[in-house]
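Visitor: sharing a sequence plus its predicted fold:
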Amino acid sequence: MSAAINLQTLHFVSDEEAGGPDLGVFNPSDGSLIATVGTYDANGLDELIQAAETARHEWACRTAQQRSEIMRRWHQLILENVEELAELITLECGKPLAESRTEVSYGASFIEWFAEEGKRGYGEVIPSHHPDKRIVTLRQPVGTCAAITPWNFPVAMITRKVAPALAAGCSIVVKPAEATPLSALYLEYLAHRAGIPADLFRAAPCADPAMAGEVFCRHPLVRKLSFTGSTRVGRILMRQAAQQITRVSLELGGNAPFIVFEDADLDAAVDGAMAAKFRNAGQTCVCANRILVHAEVHDAFVAKLSDSVANLKMGDGREPAVSIGPLIDASAVTRVSGLIKDALARGATVSTGGNAIGAFVEPTVLTGVTSEMAIVHSEVFGPVAPILRFNNEAEAVRIANDTPYGLAAYLYSRNLGRVWRVMEALDYGMVAVNDGALSTEVAPFGGVKQSGFGREGSRHGLDEYLEIKYCMLGGIGDRAATA
Ligand code: ADP
(Lines give C-alpha, C1' and ligand atoms only; values in the text may rest on other atoms or scores of the structure.)
Protein backbone atom coordinates (compact mmCIF):
# COMPACT_ATOMS: atom_id res chain seq x y z
CA MET A 1 0.00 0.00 0.00
CA SER A 2 1.17 3.51 -0.75
CA ALA A 3 -0.14 5.37 2.29
CA ALA A 4 2.31 6.77 4.82
CA ILE A 5 0.23 5.33 7.59
CA ASN A 6 1.68 2.60 9.74
CA LEU A 7 -1.01 -0.04 10.05
CA GLN A 8 1.08 -1.80 12.71
CA THR A 9 -0.03 0.80 15.23
CA LEU A 10 -3.63 -0.39 15.04
CA HIS A 11 -5.02 -2.89 17.48
CA PHE A 12 -5.62 -5.83 15.17
CA VAL A 13 -7.21 -8.30 17.51
CA SER A 14 -5.98 -11.87 17.32
CA ASP A 15 -8.23 -14.86 16.64
CA GLU A 16 -7.87 -16.04 20.25
CA GLU A 17 -8.95 -12.65 21.57
CA ALA A 18 -11.82 -12.01 19.26
CA GLY A 19 -12.93 -15.37 17.89
CA GLY A 20 -14.28 -14.32 14.48
CA PRO A 21 -12.89 -15.02 11.01
CA ASP A 22 -10.47 -12.57 9.40
CA LEU A 23 -11.93 -9.79 7.29
CA GLY A 24 -10.25 -8.47 4.14
CA VAL A 25 -10.38 -4.71 3.60
CA PHE A 26 -10.27 -3.61 -0.05
CA ASN A 27 -9.63 -0.39 -1.93
CA PRO A 28 -12.87 0.24 -3.84
CA SER A 29 -10.97 2.03 -6.65
CA ASP A 30 -9.10 -1.05 -7.84
CA GLY A 31 -10.23 -3.92 -5.62
CA SER A 32 -6.75 -4.40 -4.13
CA LEU A 33 -6.38 -5.82 -0.61
CA ILE A 34 -5.32 -3.15 1.89
CA ALA A 35 -5.21 -5.20 5.07
CA THR A 36 -6.74 -8.12 6.89
CA VAL A 37 -8.29 -7.52 10.30
CA GLY A 38 -9.36 -9.93 13.03
CA THR A 39 -13.03 -9.84 14.00
CA TYR A 40 -15.15 -10.55 17.04
CA ASP A 41 -17.60 -13.39 17.37
CA ALA A 42 -20.51 -13.36 19.83
CA ASN A 43 -18.33 -14.42 22.78
CA GLY A 44 -15.70 -11.83 21.93
CA LEU A 45 -18.36 -9.10 21.82
CA ASP A 46 -19.86 -10.29 25.07
CA GLU A 47 -16.47 -9.92 26.76
CA LEU A 48 -16.07 -6.40 25.40
CA ILE A 49 -19.49 -5.44 26.72
CA GLN A 50 -18.73 -6.82 30.17
CA ALA A 51 -15.40 -5.00 30.28
CA ALA A 52 -17.11 -1.79 29.11
CA GLU A 53 -19.66 -2.15 31.92
CA THR A 54 -16.86 -2.36 34.48
CA ALA A 55 -14.93 0.53 32.96
CA ARG A 56 -17.85 2.92 32.88
CA HIS A 57 -18.30 3.16 36.65
CA GLU A 58 -14.85 4.59 37.26
CA TRP A 59 -15.24 6.91 34.24
CA ALA A 60 -18.61 8.19 35.44
CA CYS A 61 -17.12 9.01 38.84
CA ARG A 62 -14.66 11.42 37.24
CA THR A 63 -15.74 15.04 36.94
CA ALA A 64 -17.02 16.29 33.60
CA GLN A 65 -13.93 18.52 33.51
CA GLN A 66 -11.61 15.52 33.84
CA ARG A 67 -13.44 13.63 31.10
CA SER A 68 -13.32 16.73 28.96
CA GLU A 69 -9.55 17.09 29.29
CA ILE A 70 -8.95 13.55 28.01
CA MET A 71 -11.44 13.96 25.19
CA ARG A 72 -9.75 17.18 24.13
CA ARG A 73 -6.46 15.34 23.98
CA TRP A 74 -8.11 12.80 21.67
CA HIS A 75 -9.43 15.65 19.53
CA GLN A 76 -5.95 17.14 19.33
CA LEU A 77 -4.34 13.81 18.39
CA ILE A 78 -6.83 13.33 15.57
CA LEU A 79 -6.01 16.77 14.19
CA GLU A 80 -2.29 16.04 14.46
CA ASN A 81 -2.81 12.85 12.44
CA VAL A 82 -5.24 14.22 9.89
CA GLU A 83 -3.16 13.10 6.90
CA GLU A 84 -2.87 9.48 8.02
CA LEU A 85 -6.51 9.23 8.92
CA ALA A 86 -7.60 10.92 5.69
CA GLU A 87 -5.50 8.49 3.65
CA LEU A 88 -7.06 5.56 5.44
CA ILE A 89 -10.57 6.88 4.75
CA THR A 90 -9.76 7.32 1.08
CA LEU A 91 -8.13 3.91 0.85
CA GLU A 92 -11.01 1.96 2.33
CA CYS A 93 -14.00 4.07 1.32
CA GLY A 94 -12.81 5.67 -1.92
CA LYS A 95 -13.74 9.32 -1.38
CA PRO A 96 -11.35 12.00 -2.66
CA LEU A 97 -8.59 12.97 -0.21
CA ALA A 98 -9.86 16.53 0.16
CA GLU A 99 -13.21 15.18 1.31
CA SER A 100 -11.50 12.74 3.65
CA ARG A 101 -9.57 15.60 5.28
CA THR A 102 -12.82 17.50 5.72
CA GLU A 103 -14.39 14.42 7.26
CA VAL A 104 -11.54 14.12 9.75
CA SER A 105 -11.97 17.69 11.00
CA TYR A 106 -15.77 17.33 10.94
CA GLY A 107 -15.48 14.04 12.86
CA ALA A 108 -13.05 15.56 15.36
CA SER A 109 -15.33 18.54 15.91
CA PHE A 110 -17.87 16.32 17.68
CA ILE A 111 -15.24 15.36 20.23
CA GLU A 112 -14.36 18.95 21.02
CA TRP A 113 -18.04 19.95 21.10
CA PHE A 114 -19.15 17.19 23.45
CA ALA A 115 -16.02 17.54 25.62
CA GLU A 116 -17.43 20.98 26.42
CA GLU A 117 -21.12 20.08 26.37
CA GLY A 118 -20.55 17.27 28.89
CA LYS A 119 -19.91 19.99 31.48
CA ARG A 120 -23.46 21.19 30.98
CA GLY A 121 -25.43 18.01 31.70
CA TYR A 122 -27.54 20.03 34.13
CA GLY A 123 -30.33 18.62 36.27
CA GLU A 124 -33.01 20.93 37.63
CA VAL A 125 -34.80 21.98 40.80
CA ILE A 126 -38.55 21.99 40.28
CA PRO A 127 -40.78 24.24 42.45
CA SER A 128 -42.48 21.79 44.75
CA HIS A 129 -46.17 20.98 44.97
CA HIS A 130 -45.90 20.54 48.77
CA PRO A 131 -44.31 22.69 51.53
CA ASP A 132 -42.61 19.65 53.11
CA LYS A 133 -41.09 18.27 49.90
CA ARG A 134 -38.46 19.21 47.34
CA ILE A 135 -38.10 17.97 43.78
CA VAL A 136 -34.85 17.71 41.86
CA THR A 137 -33.82 15.91 38.70
CA LEU A 138 -30.40 14.40 38.06
CA ARG A 139 -29.15 13.59 34.59
CA GLN A 140 -27.11 10.43 34.73
CA PRO A 141 -25.29 8.36 32.14
CA VAL A 142 -27.46 5.78 30.40
CA GLY A 143 -24.81 3.09 30.97
CA THR A 144 -22.98 0.83 28.58
CA CYS A 145 -23.82 1.66 24.97
CA ALA A 146 -23.35 0.01 21.59
CA ALA A 147 -23.20 1.52 18.13
CA ILE A 148 -23.35 0.20 14.58
CA THR A 149 -21.98 2.53 11.93
CA PRO A 150 -21.85 2.73 8.12
CA TRP A 151 -18.94 2.93 5.67
CA ASN A 152 -19.74 6.28 4.01
CA PHE A 153 -18.31 8.44 6.85
CA PRO A 154 -16.06 5.92 8.59
CA VAL A 155 -14.78 8.50 11.09
CA ALA A 156 -17.54 11.04 11.63
CA MET A 157 -20.34 8.53 12.11
CA ILE A 158 -18.33 7.01 14.94
CA THR A 159 -17.24 10.18 16.71
CA ARG A 160 -20.70 11.64 16.77
CA LYS A 161 -21.86 8.68 18.81
CA VAL A 162 -18.74 7.99 20.88
CA ALA A 163 -18.11 11.62 21.89
CA PRO A 164 -21.51 12.28 23.51
CA ALA A 165 -21.47 8.82 25.10
CA LEU A 166 -18.08 9.43 26.74
CA ALA A 167 -18.94 13.01 27.68
CA ALA A 168 -22.09 11.79 29.41
CA GLY A 169 -20.12 9.19 31.41
CA CYS A 170 -21.06 6.10 29.38
CA SER A 171 -18.91 3.39 27.83
CA ILE A 172 -19.40 2.31 24.22
CA VAL A 173 -18.59 -0.60 21.90
CA VAL A 174 -18.73 0.28 18.21
CA LYS A 175 -19.15 -2.17 15.37
CA PRO A 176 -17.88 -0.41 12.24
CA ALA A 177 -19.01 -1.37 8.74
CA GLU A 178 -17.23 -4.39 7.25
CA ALA A 179 -15.81 -2.23 4.42
CA THR A 180 -14.19 0.36 6.72
CA PRO A 181 -12.81 -1.08 9.95
CA LEU A 182 -9.35 0.55 9.59
CA SER A 183 -10.45 4.13 10.23
CA ALA A 184 -12.36 2.88 13.28
CA LEU A 185 -9.30 1.04 14.61
CA TYR A 186 -7.15 4.12 14.04
CA LEU A 187 -9.64 6.30 15.95
CA GLU A 188 -9.57 3.76 18.77
CA TYR A 189 -5.76 3.76 18.78
CA LEU A 190 -5.68 7.56 19.09
CA ALA A 191 -8.38 7.51 21.79
CA HIS A 192 -6.38 5.10 23.89
CA ARG A 193 -3.20 7.10 23.36
CA ALA A 194 -5.08 10.15 24.61
CA GLY A 195 -5.85 8.37 27.87
CA ILE A 196 -9.35 7.08 27.24
CA PRO A 197 -9.43 3.76 29.12
CA ALA A 198 -9.15 0.85 26.68
CA ASP A 199 -12.30 -0.95 27.80
CA LEU A 200 -14.35 2.25 27.78
CA PHE A 201 -14.35 2.62 24.01
CA ARG A 202 -13.74 -0.30 21.71
CA ALA A 203 -13.95 -0.53 17.95
CA ALA A 204 -15.07 -4.10 17.28
CA PRO A 205 -14.94 -5.24 13.65
CA CYS A 206 -17.27 -8.16 12.99
CA ALA A 207 -17.58 -10.34 9.91
CA ASP A 208 -21.23 -11.08 10.69
CA PRO A 209 -23.15 -7.84 11.28
CA ALA A 210 -26.46 -9.60 12.01
CA MET A 211 -24.77 -11.47 14.85
CA ALA A 212 -23.44 -8.19 16.28
CA GLY A 213 -26.91 -6.62 16.14
CA GLU A 214 -28.39 -9.59 17.95
CA VAL A 215 -25.72 -9.60 20.66
CA PHE A 216 -26.12 -5.86 21.28
CA CYS A 217 -29.91 -6.11 21.48
CA ARG A 218 -30.21 -9.18 23.66
CA HIS A 219 -27.44 -8.22 26.08
CA PRO A 220 -28.92 -6.97 29.35
CA LEU A 221 -25.88 -4.76 30.01
CA VAL A 222 -26.34 -2.79 26.78
CA ARG A 223 -28.68 0.04 27.71
CA LYS A 224 -28.58 1.98 24.48
CA LEU A 225 -27.97 1.22 20.82
CA SER A 226 -27.22 3.95 18.32
CA PHE A 227 -27.39 2.99 14.66
CA THR A 228 -26.67 4.77 11.39
CA GLY A 229 -27.48 2.86 8.22
CA SER A 230 -30.34 1.64 6.10
CA THR A 231 -34.01 1.73 7.08
CA ARG A 232 -34.13 -2.02 6.41
CA VAL A 233 -31.54 -2.77 9.10
CA GLY A 234 -32.94 -0.07 11.42
CA ARG A 235 -36.26 -1.88 11.37
CA ILE A 236 -34.57 -5.19 12.31
CA LEU A 237 -32.69 -3.54 15.17
CA MET A 238 -35.76 -1.75 16.51
CA ARG A 239 -37.62 -5.04 16.60
CA GLN A 240 -34.71 -6.80 18.32
CA ALA A 241 -34.30 -3.95 20.83
CA ALA A 242 -37.79 -4.75 22.12
CA GLN A 243 -36.36 -7.78 23.97
CA GLN A 244 -34.52 -5.74 26.60
CA ILE A 245 -36.40 -2.49 25.94
CA THR A 246 -33.00 -1.12 24.87
CA ARG A 247 -33.05 2.59 24.08
CA VAL A 248 -32.37 3.15 20.38
CA SER A 249 -31.42 6.08 18.17
CA LEU A 250 -31.79 5.44 14.47
CA GLU A 251 -30.34 7.56 11.70
CA LEU A 252 -31.65 5.85 8.57
CA GLY A 253 -32.13 6.36 4.87
CA GLY A 254 -33.24 9.56 3.17
CA ASN A 255 -34.80 10.75 -0.05
CA ALA A 256 -33.86 14.42 0.03
CA PRO A 257 -35.72 16.83 -2.23
CA PHE A 258 -33.74 19.82 -3.54
CA ILE A 259 -36.26 22.46 -4.62
CA VAL A 260 -35.33 25.34 -6.91
CA PHE A 261 -38.05 28.00 -7.12
CA GLU A 262 -38.36 30.47 -9.98
CA ASP A 263 -37.11 33.31 -7.74
CA ALA A 264 -33.94 31.46 -6.72
CA ASP A 265 -30.41 32.73 -7.33
CA LEU A 266 -29.68 30.08 -9.99
CA ASP A 267 -25.90 30.19 -9.70
CA ALA A 268 -26.13 29.68 -5.95
CA ALA A 269 -28.63 26.86 -6.50
CA VAL A 270 -26.23 25.11 -8.90
CA ASP A 271 -23.37 25.45 -6.39
CA GLY A 272 -25.64 24.08 -3.66
CA ALA A 273 -26.80 21.19 -5.84
CA MET A 274 -23.20 20.27 -6.66
CA ALA A 275 -22.36 20.13 -2.95
CA ALA A 276 -25.57 18.41 -1.88
CA LYS A 277 -25.59 15.86 -4.70
CA PHE A 278 -22.01 14.89 -5.50
CA ARG A 279 -20.25 14.76 -2.13
CA ASN A 280 -18.77 11.26 -1.64
CA ALA A 281 -19.99 10.39 -5.16
CA GLY A 282 -23.55 10.83 -3.95
CA GLN A 283 -23.16 8.31 -1.15
CA THR A 284 -24.48 10.22 1.84
CA CYS A 285 -27.86 9.98 3.51
CA VAL A 286 -28.42 13.74 3.10
CA CYS A 287 -27.46 13.82 -0.60
CA ALA A 288 -30.01 15.57 -2.82
CA ASN A 289 -31.95 12.63 -4.20
CA ARG A 290 -34.54 14.44 -6.32
CA ILE A 291 -33.96 17.88 -7.80
CA LEU A 292 -37.27 19.70 -8.29
CA VAL A 293 -37.04 22.74 -10.55
CA HIS A 294 -39.76 25.28 -11.41
CA ALA A 295 -40.71 25.11 -15.10
CA GLU A 296 -39.73 28.79 -15.67
CA VAL A 297 -36.08 28.23 -14.71
CA HIS A 298 -35.83 24.54 -15.56
CA ASP A 299 -33.84 24.78 -18.80
CA ALA A 300 -31.42 27.42 -17.52
CA PHE A 301 -30.79 25.43 -14.34
CA VAL A 302 -30.23 22.16 -16.24
CA ALA A 303 -27.75 23.82 -18.60
CA LYS A 304 -25.70 25.35 -15.77
CA LEU A 305 -25.80 22.20 -13.65
CA SER A 306 -24.83 19.95 -16.56
CA ASP A 307 -21.85 22.21 -17.34
CA SER A 308 -20.58 21.95 -13.79
CA VAL A 309 -21.19 18.19 -13.63
CA ALA A 310 -19.37 17.57 -16.90
CA ASN A 311 -16.30 19.24 -15.34
CA LEU A 312 -16.08 16.85 -12.40
CA LYS A 313 -13.00 14.65 -12.51
CA MET A 314 -13.59 10.99 -11.78
CA GLY A 315 -10.83 8.68 -10.51
CA ASP A 316 -8.91 7.21 -7.61
CA GLY A 317 -9.50 9.45 -4.59
CA ARG A 318 -5.76 9.74 -3.91
CA GLU A 319 -5.11 11.48 -7.24
CA PRO A 320 -5.05 15.28 -7.11
CA ALA A 321 -8.06 17.12 -8.55
CA VAL A 322 -10.29 14.05 -8.44
CA SER A 323 -13.71 15.03 -7.11
CA ILE A 324 -15.67 11.82 -7.82
CA GLY A 325 -14.34 8.55 -6.46
CA PRO A 326 -15.57 5.00 -7.03
CA LEU A 327 -18.76 3.57 -5.54
CA ILE A 328 -18.20 1.40 -2.51
CA ASP A 329 -18.51 -1.93 -4.36
CA ALA A 330 -19.63 -3.67 -7.54
CA SER A 331 -23.19 -4.22 -6.32
CA ALA A 332 -23.56 -0.47 -5.76
CA VAL A 333 -22.49 0.15 -9.38
CA THR A 334 -25.02 -2.40 -10.62
CA ARG A 335 -27.80 -0.89 -8.49
CA VAL A 336 -27.12 2.71 -9.57
CA SER A 337 -26.81 1.82 -13.25
CA GLY A 338 -30.07 -0.12 -12.91
CA LEU A 339 -31.76 3.07 -11.67
CA ILE A 340 -30.37 5.02 -14.65
CA LYS A 341 -31.57 2.33 -17.10
CA ASP A 342 -35.03 2.20 -15.54
CA ALA A 343 -35.36 6.00 -15.80
CA LEU A 344 -34.23 6.01 -19.45
CA ALA A 345 -36.63 3.17 -20.31
CA ARG A 346 -39.47 5.24 -18.84
CA GLY A 347 -38.67 8.37 -20.82
CA ALA A 348 -35.91 10.25 -19.00
CA THR A 349 -33.04 11.83 -20.96
CA VAL A 350 -29.31 11.96 -20.14
CA SER A 351 -28.08 15.54 -20.08
CA THR A 352 -24.53 14.51 -19.14
CA GLY A 353 -22.82 11.27 -18.01
CA GLY A 354 -24.95 8.14 -17.78
CA ASN A 355 -22.38 5.33 -17.97
CA ALA A 356 -20.86 2.93 -15.48
CA ILE A 357 -17.12 2.37 -15.98
CA GLY A 358 -15.64 -0.37 -13.79
CA ALA A 359 -15.97 0.66 -10.14
CA PHE A 360 -17.22 4.13 -11.14
CA VAL A 361 -20.47 5.70 -12.27
CA GLU A 362 -20.07 8.87 -14.31
CA PRO A 363 -21.52 11.97 -12.66
CA THR A 364 -24.88 12.15 -14.37
CA VAL A 365 -27.78 14.55 -14.87
CA LEU A 366 -31.13 13.08 -15.94
CA THR A 367 -34.01 15.26 -17.11
CA GLY A 368 -37.66 14.47 -17.76
CA VAL A 369 -37.79 12.41 -14.57
CA THR A 370 -41.27 11.54 -13.28
CA SER A 371 -42.67 9.83 -10.20
CA GLU A 372 -43.20 6.60 -12.21
CA MET A 373 -39.43 6.03 -12.17
CA ALA A 374 -37.70 3.93 -9.49
CA ILE A 375 -34.99 6.59 -9.05
CA VAL A 376 -37.55 8.95 -7.47
CA HIS A 377 -38.47 6.47 -4.75
CA SER A 378 -35.07 4.87 -4.03
CA GLU A 379 -32.14 6.30 -2.14
CA VAL A 380 -29.83 6.75 -5.16
CA PHE A 381 -26.52 6.65 -3.23
CA GLY A 382 -24.62 7.43 -6.40
CA PRO A 383 -23.58 10.48 -8.49
CA VAL A 384 -26.84 10.79 -10.41
CA ALA A 385 -29.01 13.92 -10.30
CA PRO A 386 -32.60 13.26 -11.41
CA ILE A 387 -34.44 16.46 -12.35
CA LEU A 388 -38.21 16.82 -12.02
CA ARG A 389 -40.20 19.81 -13.21
CA PHE A 390 -42.95 21.54 -11.16
CA ASN A 391 -45.35 24.41 -11.78
CA ASN A 392 -46.21 25.88 -8.39
CA GLU A 393 -45.31 25.89 -4.70
CA ALA A 394 -48.08 23.49 -3.62
CA GLU A 395 -47.04 20.96 -6.24
CA ALA A 396 -43.38 21.20 -5.17
CA VAL A 397 -44.27 20.56 -1.52
CA ARG A 398 -46.56 17.67 -2.46
CA ILE A 399 -43.85 15.95 -4.53
CA ALA A 400 -41.22 16.65 -1.86
CA ASN A 401 -43.30 15.06 0.90
CA ASP A 402 -44.41 12.10 -1.21
CA THR A 403 -41.96 9.65 0.39
CA PRO A 404 -41.81 7.57 3.55
CA TYR A 405 -38.46 9.20 4.36
CA GLY A 406 -37.86 12.51 6.16
CA LEU A 407 -34.19 13.28 6.73
CA ALA A 408 -32.91 16.36 4.85
CA ALA A 409 -34.53 18.76 2.40
CA TYR A 410 -33.11 21.75 0.51
CA LEU A 411 -34.86 24.77 -0.98
CA TYR A 412 -33.73 27.78 -2.97
CA SER A 413 -35.81 30.95 -3.02
CA ARG A 414 -35.25 34.66 -2.28
CA ASN A 415 -38.87 35.17 -1.21
CA LEU A 416 -39.03 35.34 2.58
CA GLY A 417 -42.71 34.40 2.85
CA ARG A 418 -42.23 31.39 0.60
CA VAL A 419 -39.11 30.29 2.47
CA TRP A 420 -41.06 30.22 5.76
CA ARG A 421 -44.12 28.51 4.27
CA VAL A 422 -42.14 25.76 2.58
CA MET A 423 -39.70 25.32 5.46
CA GLU A 424 -42.67 24.68 7.75
CA ALA A 425 -44.52 22.46 5.27
CA LEU A 426 -41.63 20.09 4.54
CA ASP A 427 -41.98 16.86 6.49
CA TYR A 428 -38.26 16.54 7.27
CA GLY A 429 -35.95 16.58 10.28
CA MET A 430 -33.63 19.11 8.61
CA VAL A 431 -34.17 21.84 6.02
CA ALA A 432 -31.39 23.84 4.37
CA VAL A 433 -32.44 27.13 2.77
CA ASN A 434 -30.22 28.61 0.06
CA ASP A 435 -27.40 26.29 1.08
CA GLY A 436 -26.27 22.82 0.07
CA ALA A 437 -24.46 21.74 3.24
CA LEU A 438 -26.10 21.41 6.62
CA SER A 439 -23.95 19.05 8.68
CA THR A 440 -22.21 20.63 11.66
CA GLU A 441 -21.52 19.51 15.20
CA VAL A 442 -23.41 22.49 16.63
CA ALA A 443 -26.79 21.58 15.08
CA PRO A 444 -29.14 18.63 15.71
CA PHE A 445 -28.84 16.09 12.89
CA GLY A 446 -31.65 13.58 12.51
CA GLY A 447 -34.80 12.55 10.74
CA VAL A 448 -38.53 11.91 11.01
CA LYS A 449 -40.78 9.21 9.51
CA GLN A 450 -38.80 6.21 8.23
CA SER A 451 -35.55 8.18 8.41
CA GLY A 452 -35.53 7.38 12.13
CA PHE A 453 -35.38 9.33 15.37
CA GLY A 454 -32.89 10.72 17.83
CA ARG A 455 -30.55 13.65 17.23
CA GLU A 456 -26.77 13.78 16.88
CA GLY A 457 -24.70 16.90 17.47
CA SER A 458 -25.74 20.06 19.35
CA ARG A 459 -26.83 20.02 23.00
CA HIS A 460 -29.58 17.56 22.03
CA GLY A 461 -26.95 14.98 21.09
CA LEU A 462 -25.93 14.65 24.74
CA ASP A 463 -29.53 13.91 25.83
CA GLU A 464 -29.38 10.64 23.88
CA TYR A 465 -26.87 9.32 26.43
CA LEU A 466 -28.41 10.71 29.62
CA GLU A 467 -31.33 9.46 31.70
CA ILE A 468 -33.44 11.78 33.84
CA LYS A 469 -33.73 10.68 37.43
CA TYR A 470 -36.46 12.41 39.43
CA CYS A 471 -35.65 12.62 43.14
CA MET A 472 -38.21 13.55 45.78
CA LEU A 473 -36.88 14.84 49.05
CA GLY A 474 -39.55 14.68 51.75
CA GLY A 475 -39.56 15.55 55.46
CA ILE A 476 -37.99 18.94 54.82
CA GLY A 477 -39.87 20.44 57.76
CA ASP A 478 -41.41 23.82 58.40
CA ARG A 479 -39.42 26.49 56.58
CA ALA A 480 -41.50 29.21 58.23
CA ALA A 481 -39.98 28.18 61.61
CA THR A 482 -36.46 29.07 60.40
CA ALA A 483 -37.43 32.17 58.49
P1 ADP B 1 -25.49 0.36 3.88
O2 ADP B 1 -26.45 0.02 2.79
O3 ADP B 1 -25.16 1.78 4.00
O4 ADP B 1 -24.31 -0.57 3.95
P5 ADP B 1 -26.52 -1.07 6.11
O6 ADP B 1 -27.70 -0.72 6.96
O7 ADP B 1 -26.55 -2.37 5.38
O8 ADP B 1 -26.35 0.16 5.17
O9 ADP B 1 -25.19 -1.04 6.95
C10 ADP B 1 -24.96 -0.14 8.01
C11 ADP B 1 -24.33 -0.90 9.16
O12 ADP B 1 -25.26 -1.91 9.57
C13 ADP B 1 -23.05 -1.62 8.83
O14 ADP B 1 -22.17 -1.53 9.94
C15 ADP B 1 -23.49 -3.06 8.62
O16 ADP B 1 -22.48 -3.98 8.93
C17 ADP B 1 -24.60 -3.15 9.66
N18 ADP B 1 -25.60 -4.22 9.42
C19 ADP B 1 -25.96 -4.79 8.25
N20 ADP B 1 -26.90 -5.74 8.46
C21 ADP B 1 -27.13 -5.78 9.81
C22 ADP B 1 -28.00 -6.55 10.66
N23 ADP B 1 -28.83 -7.45 10.19
N24 ADP B 1 -27.96 -6.29 11.99
C25 ADP B 1 -27.14 -5.36 12.49
N26 ADP B 1 -26.30 -4.60 11.74
C27 ADP B 1 -26.29 -4.80 10.42
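Guide: On my side now, so go ahead. What you are looking at is a predicted structure, and each value in this text was computed from that prediction instead of being measured.
Visitor: so where's this structure shaky on pLDDT?
Guide: Counting by pLDDT under 70, the chain contains low-confidence ranges at 1-6, 8-9, 11, 15-16.
Visitor: which parts of it sit against the ligand?
Guide: 148-150, 175, 177-178, 209-210, 212-213, 229-230, 233, 236-237 (C-beta under 6 Å from any ligand atom). All C-beta atoms are positioned from the backbone trio N, CA, C, and that covers glycine.
Visitor: apply 5 Å and report the result again.
Guide: Residues of the chain lying close to the ligand (C-beta under 5 Å from any ligand atom) are 148, 150, 177, 209, 210, 213, 229, 230, 233.
Visitor: residue of the stretch 1-150 of the chain closest to the ligand, please.
Guide: Closest to the ligand within the stretch 1-150 of the chain is residue 150: 4.2 Å, counting by C-beta to the nearest ligand atom.
Visitor: ok, and the closest non-adjacent residue to that residue?
Guide: residue 229 (4.8 Å; C-beta to C-beta, 6 or more residues apart in numbering).
Visitor: which ones are touching that neighbour?
Guide: Applying C-beta atoms under 8 Å, 6 or more residues apart in numbering to residue 229 gives the contacts 148, 149, 150, 177, 251, 252.
Visitor: ok, of those residues, which one's closest to residue 431?
Guide: The closest of the contacts of residue 229 to residue 431 turns out to be residue 251 (C-beta to C-beta; 16.6 Å).
Visitor: can you count the residues close to the closest one?
Guide: Applying other C-beta atoms under 10 Å, we find 27 residues neighbouring residue 251.
Visitor: just checking, it touches residue 455?
Guide: No - judged on C-beta atoms under 8 Å, residue 251 makes no contact with residue 455 at a distance of 9.0 Å.
Visitor: backbone phi and psi for the residue minimising distance to the centre of the chain, please?
Guide: Centrality entry for the chain: nearest residue to the mean C-alpha point is residue 157, 4.5 Å, by C-alpha atoms, centre = their mean. Note on residue 157: its backbone torsions stand at phi -70, psi -20 [degrees, to the nearest 10].
Visitor: that one and residue 148 touch, don't they?
Guide: No - assessed by C-beta under 8 Å, residue 157 is found out of contact with residue 148, at 9.7 Å.
Visitor: quickly list what's touching both of those two.
Guide: Contacts common to residue 157 and residue 148, judged by C-beta under 8 Å, 6+ apart, are residue 228.
Visitor: re earlier: and for residue 251 and residue 455, which residues touch both?
Guide: 445, 446.
Visitor: number of nearby residues for whatever residue of the stretch 51-200 of the chain ends up closest to the ligand?
Guide: Taking C-beta to the nearest ligand atom, the ligand has its nearest neighbour within the stretch 51-200 of the chain at residue 177, 3.8 Å off. Residue 177 is flanked by 23 other residues according to other C-beta under 10 Å.
Visitor: separation between it and residue 152?
Guide: Remark: distance between residue 177 and residue 152 (C-beta to C-beta, to the nearest Å) = 8 Å.
Visitor: what does residue 24 give?
Guide: If you go by C-beta to C-beta, the gap between residue 24 and residue 152 works out to 19 Å.
Visitor: more neighbours: which of those two?
Guide: With neighbours defined as other C-beta under 10 Å, residue 24 and residue 152 compare such that residue 152 has more, 25 against 11.
Visitor: wait, isn't residue 134 in contact with residue 124?
Guide: No - using C-beta under 8 Å, residue 134 is not in contact with residue 124, being 11.8 Å away.
Visitor: and those two? Which one has more around it.
Guide: residue 134 (15 against 11).
Visitor: quick check: closest non-adjacent residue to the more buried one.
Guide: In space, residue 134 is closest to residue 473, 4.3 Å off (C-beta to C-beta, 6+ apart).
Visitor: now swap in residue 284 and tell me
Guide: residue 152 (5.8 Å).
Visitor: please name the residues that touch the one you found.
Guide: 93, 280, 283, 284, 285, 328.
Visitor: now rank those by neighbours and give me the top one.
Guide: residue 93 (29 neighbours).
Visitor: I'd guess residue 116 is in a helix, am I close?
Guide: Yes - under DSSP: H, G, I helix; E, B strand; the rest coil, residue 116 falls within a helix.
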